[in-house]
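K.L.:
fold the following and give me the result.
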Amino acid sequence: MIVSGAERRVRDTPAISAQHESRCMIFTGQDTARALKDPSEISELLKDADNLVWFDLAEPTQADLQLLQDEFNLHPTAIEDAALVHERPKIENYDGYLLVVLHAASLEAGALTMHELAVFVGSNFVVTIRAHPVYPLDEIERRWLSKSAIPHTATALLYVILDVVVDGYHPVAAAYDERLVELENRVLGRERHHPQHVLRQVLEFKRDLIRLRHAVAPVRDILSPLLRGEFAPLEPAVVAYFRDVQDHALRVTDQIDSIRDLLNSTLDIHLSSEAHRQGEVSRQLTIIATIFLPLSFITGFFGQNFGWMVNRIDKPGHFWFIGVGAQLITLALLFVYFRYKRWF
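P.N.:
Predicted structure coming up:
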């Protein structure tokens, strides 16, 4: 379960992000790291403040969770929250460490996928727990191992994780922004679409936006107590980085809110256009019914008095003037009245 390896340069460090595996890396400096063979050594390594332990669990088993409790001395309720699927994003302070729960977002085959990621952050250790669907750590690992001014501390690693997760929200929000433009063009276009199909699309769109906002908005509540130093003062070298992540999270939240408002406007336009279309149909049917109403009266009048007219209407002129002419005059009068009312 734990990947073995000897001390090596960072460029030779094996990837931490393989799915469905557990990885433990020991960092002793900016450039050196080694993979741990025996997980029972973790508790001893943590006694040295110069060691930074990064332990990653993907879809952990009960044995993996028990290992966390034994080696990192984590509280059972904290482990339970970290392993619980569909846990809300949050930050909680325990004795000597923090628990941060994040929801990362990605688009897989055009569908929104949420990834739950729990992070334990101590003075010299970071534990990441990834539930199904497993969130890849490739980008986190790349940024963490890159030559940068970010110090190799547990708090700095938390920043990298938050930064990658928040940066992942931007392409998802941009994709939904493009979908909104397509939906607006579809609603306002000349091509007719089934109203139920458009409504279904709008409702699915709104459901995804709500899920995405529920993931992004709590990031502000996670970062605010960190920046205020409620749990422990942040290292001066990383304060500006955390503020940058907070700014990005607020920007994505505002973008999602703007998309949601525009989506509501698009839905209102769609409902208004459908109501207008139905009104047009009703008006056309009313005009047709109004036209046939006097014609039905005329033909009914002659039909009811057919016996009386047989002996009195005996010339073609009578037929054309009284029978057909009355209907034509009625149609002309109706046409003038409709034009006066501007019904067409």
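K.L.:
quick one, helices of the stretch 201-344 of the chain?
P.N.:
Counting by DSSP state H, counting those that start in this stretch, the stretch 201-344 of the chain has helices at residues 236-304, 306-310, 316-318, 325-341.
K.L.:
which one of those helices lies nearest to residue 165?
P.N.:
helix 236-304 (8.9 Å; C-beta to C-beta). Backbone N, C-alpha and C define where each C-beta goes, glycine included.
K.L.:
helices and strands around that closest one, which ones?
P.N.:
helix 154-188, helix 195-228, helix 325-341 (3 or more C-beta pairs under 8 Å, 6 or more residues apart in numbering; DSSP states H and E).
K.L.:
return the most buried member of these.
P.N.:
helix 154-188 (a mean of 18; mean count of other C-beta atoms under 10 Å).
K.L.:
that older thread, worst mean pLDDT among the helices and strands packed on helix 236-304?
P.N.:
Of all the helices and strands packed on helix 236-304, helix 325-341 carries the lowest average pLDDT, namely a mean of 81.
K.L.:
other residues contacting that helix?
P.N.:
Contact with helix 325-341 is made by 287, 290-291, 294-295, 298-299, 344, as judged by C-beta atoms under 8 Å, 6 or more residues apart in numbering.
K.L.:
show me where this structure dips below the pLDDT cut-off.
P.N.:
Where the chain drops to pLDDT under 70, the residues are 1-21, 29-32, 147, 190-195, 303-315, 317-320, 322-323, 344.
K.L.:
show me the domain layout of it.
P.N.:
When the chain is parsed with automatic domain parsing, its domains come out as 8-272, 305-341.
K.L.:
just checking, residue 99 touches residue 84?
P.N.:
No: assessed by C-beta atoms under 8 Å, residue 99 is found out of contact with residue 84, at 11.4 Å.
K.L.:
okay, the helices and strands packed on helix 236-304 in TSV with distance to residue 95 next?
P.N.:
Shown next, in TSV, are those (distance: least, C-beta to C-beta, whole Å):
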stretch	distance to residue 95
helix 154-188	15
helix 195-228	16
helix 325-341	81
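K.L.:
quick check: which of those helices is nearest to residue 265?
P.N.:
Of all the helices and strands packed on helix 236-304, helix 154-188 comes closest under C-beta to C-beta, at 8.8 Å.
K.L.:
so what's residue 101 up against?
P.N.:
By C-beta under 8 Å, 6+ apart, the residues touching residue 101 are 81-82, 87-91, 116-119.
K.L.:
secondary structure class for it?
P.N.:
strand (DSSP: H, G, I helix; E, B strand; the rest coil).
K.L.:
same check, this time on the one 4 residues further on
P.N.:
When the structure is split into helix, strand and coil by three-state DSSP, residue 105 lands in strand.
K.L.:
that one: what's it in contact with?
P.N.:
Residues in contact with residue 105, defined by C-beta under 8 Å, 6+ apart, are 112-115, 168-169, 172, 212, 215-216.
K.L.:
now, among the residues you listed, which is nearest to residue 260?
P.N.:
The closest of the contacts of residue 105, once distances to residue 260 are taken by C-beta to C-beta, is residue 212, at 9.8 Å.
K.L.:
wait, residue 187 touches residue 271, no?
P.N.:
No: in this structure, residue 187 is not within contact of residue 271 by C-beta under 8 Å, at 9.9 Å.
K.L.:
what do those two both touch?
P.N.:
Counting by C-beta under 8 Å, 6+ apart, nothing touches both residue 187 and residue 271.
K.L.:
picking that back up, which one of the helices and strands packed on helix 236-304 lies closest to residue 279?
P.N.:
Among the helices and strands packed on helix 236-304, the nearest to residue 279 by C-beta to C-beta is helix 195-228 (14.2 Å).
K.L.:
returning to that earlier point: write the PyMOL selection for whichever of the contacts of helix 325-341 are buried.
P.N.:
Selecting only the buried entries of the contacts of helix 325-341 in PyMOL, with 16 or more other C-beta atoms under 10 Å as the criterion:
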select buried, resi 294
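K.L.:
about what we covered before: can you lay out the domains of the chain as JSON lines showing distance to residue 283?
P.N.:
Formatted as JSON lines, these follow (distance: least, C-beta to C-beta, whole Å):
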{"stretch": "domain 8-272", "distance to residue 283": "16"}
{"stretch": "domain 305-341", "distance to residue 283": "10"}
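K.L.:
and those domains, which is most packed in?
P.N.:
domain 8-272 (a mean of 17).
K.L.:
just the ones of the contacts of residue 101 in strands?
P.N.:
If you go by DSSP state E, the contacts of residue 101 have 90-91, 116-119 in strands.
K.L.:
of the residues you listed, closest to residue 47?
P.N.:
The closest of the ones in strands among the contacts of residue 101, once distances to residue 47 are taken by C-beta to C-beta, is residue 119, at 21.9 Å.
K.L.:
beta-bridge partners for the residue nearest to the closest one when sequence neighbours are not counted, please?
P.N.:
Nearest non-adjacent residue to residue 119, counting by C-beta to C-beta, 6 or more residues apart in numbering: residue 100, 4.5 Å away. Per DSSP bridges, the residues bridged to residue 100 are residue 91, residue 119.
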